[in-house]
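> Provided below for reference: sequence and predicted model.
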Amino acid sequence: MTDPMKQHGAFSWNELMTTDPGAAKKFYSTLFGWALEDMNTTGIDYTIAKAGDKEVAGIMGMPPEAGNMPPMWGAYVTVDDVEASARQAETLGGKILLEPRDIPDVGRFCVISDPQGATLSLITYLEK
């Protein structure tokens, strides 16, 4: 399989959660020349960033459950089964920081940390 969105173990998405999406969009679109496409399909304002015609990242405001977390970029790795991979991370000494949950019309994701504390999002995309 060559589509990184579907390949187990491949980094497949990058996402910025920020306290000021407008300023972030201006900064990154100017810095990288990204074309931005605003959407609100799941009740959350979300912006897709494109390099040329390829979607490369998302930008969103901090969700309420983020608490006092500072703005940050997060990376997603595709897995065949997000629940199984989250549990496996635990057995390997990692932690589940955000239990698996659905992203409507996208798939299912969770946030884990490795034994050293580095965080990573795991995602299983819906078949389309």
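Structure's in. What do you need? Residues are numbered from 1 along each chain as shown.
> now the residue nearest to Gly61 when sequence neighbours are not counted. Its backbone dihedrals?
Nearest residue to Gly61, sequence neighbours excluded (Cβ to Cβ, 6 or more residues apart in numbering): Pro21, at 5.1 Å. Any C-beta I mention is one placed from the backbone N, CA and C, and that applies to glycine too. Here is the backbone geometry of Pro21 (degrees, to the nearest 10): phi -60, psi -40.
> contact partners for Pro21?
Asp45, Thr47, Ile59, Met60, Gly61 (Cβ atoms under 8 Å, 6 or more residues apart in numbering).
> check the gap between it and Pro63 for me.
12 Å (Cβ to Cβ, to the nearest Å).
> which stretches in the chain count as helices?
21-32, 82-91 (DSSP state H).
> what residues of the last one count as buried?
Buried residues in helix 82-91, counted by 16 or more other Cβ atoms under 10 Å: Val82, Ser85, Ala86, Ala89.
> measure the first one to Pro63 for me?
If you measure Val82 against Pro63 using Cβ to Cβ, the figure is 18 Å.
> repeat for the third one
Taking Cβ to Cβ as the criterion, Ala86 is separated from Pro63 by 19 Å.
> out of the buried residues of helix 82-91, who's nearest Lys54?
Val82 (24.2 Å; Cβ to Cβ).
> that closest one and Ile96: what is the separation?
Val82 is 10 Å from Ile96, by Cβ to Cβ.
> between these two, which contacts overlap?
Cys110.
> the residue nearest to Gly61 and Thr30: what is the separation?
15 Å.
> next: Thr18.
15 Å.
> neighbour count for those two, which is higher?
The neighbour comparison of Thr18 against Thr30 (other Cβ atoms under 10 Å) goes to Thr18, with 19 against 9.
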